[in-house]
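Chemist: give me coordinates for this.
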Amino acid sequence: MFFYGKLTVFLPCDSYRPFSEKTLTKFYAFLQFHQLYAYISFPYENITENHIYYKQAAFLSSFYSEHTLIPEDYIVYYRNHFLQHTFSLCKDFTTLKSTIHPDIYKIIRHDQEQNTDYANTLRSYLMNGRNAVRTANELHIHKSTFFYRLNKMEELFDLDITQEETMVAYEYSFILIEYLRKIKL
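Modeler: Residues are numbered from 1 along each chain as shown. Prediction:
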């Protein structure tokens, strides 16, 4: 159907996987062949909420076209971009930037001045679910090297990685920095 002038398919469901594996494979091949992209909202069940979830998919479409970005895949899920949507709702980028945790700026400055890699190490640790083994593997370093860096960061920057709220703030900060980098701010 056409919804707000755009070809739209509504598939209300309670799962992140609205298609069987076989259907998904065929749908993906169709998108790839025609160089089309599918933007998929959070799952929902109440059809009267179509307009709400349409806006999620529409955000993805406009985000990629406004910033002349090409999606990394032919199927783009809102669940991977909901924070970008949240950030985009704040039109005052100065205020948005001010929500980046000051410790992150301190670590980035230190890296630039001392040619270290602490910010990337912390970002990788957070993005890997705070898993030391996965982080060390991603950074191509030994696990003991990773723990050395983590201890050194705690010492240098007075970090307390046991504080859940602080770690969430750091995660948020790295995600926001990436978002601002993508939109070139």
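
Chemist: what's Ala38 sitting at in phi/psi?
Modeler: Phi and psi for Ala38, reported as degrees, to the nearest 10, are phi -110, psi 130.

Chemist: so who does it touch?
Modeler: If a contact means CB atoms under 8 Å, 6 or more residues apart in numbering, then Ala38 has Phe27, Leu31, Tyr74, Ile75, Val76 as its contacts. C-betas here are computed from N, CA, C, even on glycine.

Chemist: per-residue confidence for the closest residue to Phe63 other than its chain neighbours?
Modeler: Residue nearest to Phe63 in three dimensions, not counting chain neighbours: Gln84, with 6.4 Å by CB to CB, 6 or more residues apart in numbering. Listed pLDDT for Gln84 reads 84.

Chemist: Gln84: what's it in contact with?
Modeler: If you count contacts by CB under 8 Å, 6+ apart, then Gln84 has Phe63, Tyr179, Lys182 around it.

Chemist: in helices, which of those residues appear?
Modeler: Mapping the contacts of Gln84 onto helices (DSSP state H) picks out Phe63, Tyr179, Lys182.

Chemist: hang on, the last one packs against Leu69?
Modeler: This means Lys182. Yes - using CB atoms under 8 Å, Lys182 is in contact with Leu69, at 6.8 Å.

Chemist: Tyr16 is in contact with Pro43, isn't it?
Modeler: Yes - between Tyr16 and Pro43 there is a contact under CB under 8 Å: 5.9 Å.

Chemist: out of these two, which sits in the more crowded spot?
Modeler: More crowded of Tyr16 and Pro43, by other CB atoms under 10 Å: Pro43, with 16 against 10.

Chemist: got phi/psi on the more buried one?
Modeler: The phi/psi pair for Pro43 (degrees, to the nearest 10) is phi -70, psi 150.

Chemist: which residues touch it?
Modeler: By CB under 8 Å, 6+ apart, the neighbours of Pro43 are Pro12, Cys13, Asp14, Ser15, Tyr16, Pro18.

Chemist: show me which pair in those residues is furthest apart.
Modeler: Pairwise distances across these (CB to CB) peak at 13.2 Å, for the pair Pro12 and Tyr16.

Chemist: which among the ones in helices among the contacts of Gln84 count as buried?
Modeler: Phe63, Tyr179 (16 or more other CB atoms under 10 Å).

Chemist: can I get the ones in helices among the contacts of Gln84 in CSV including pLDDT and distance to Ile100?
Modeler: Formatted as CSV, the ones in helices among the contacts of Gln84 follow (pLDDT from 0 to 100; distance: CB to CB, whole Å):
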residue, pLDDT, distance to Ile100
Phe63, 86, 20
Tyr179, 87, 11
Lys182, 82, 15
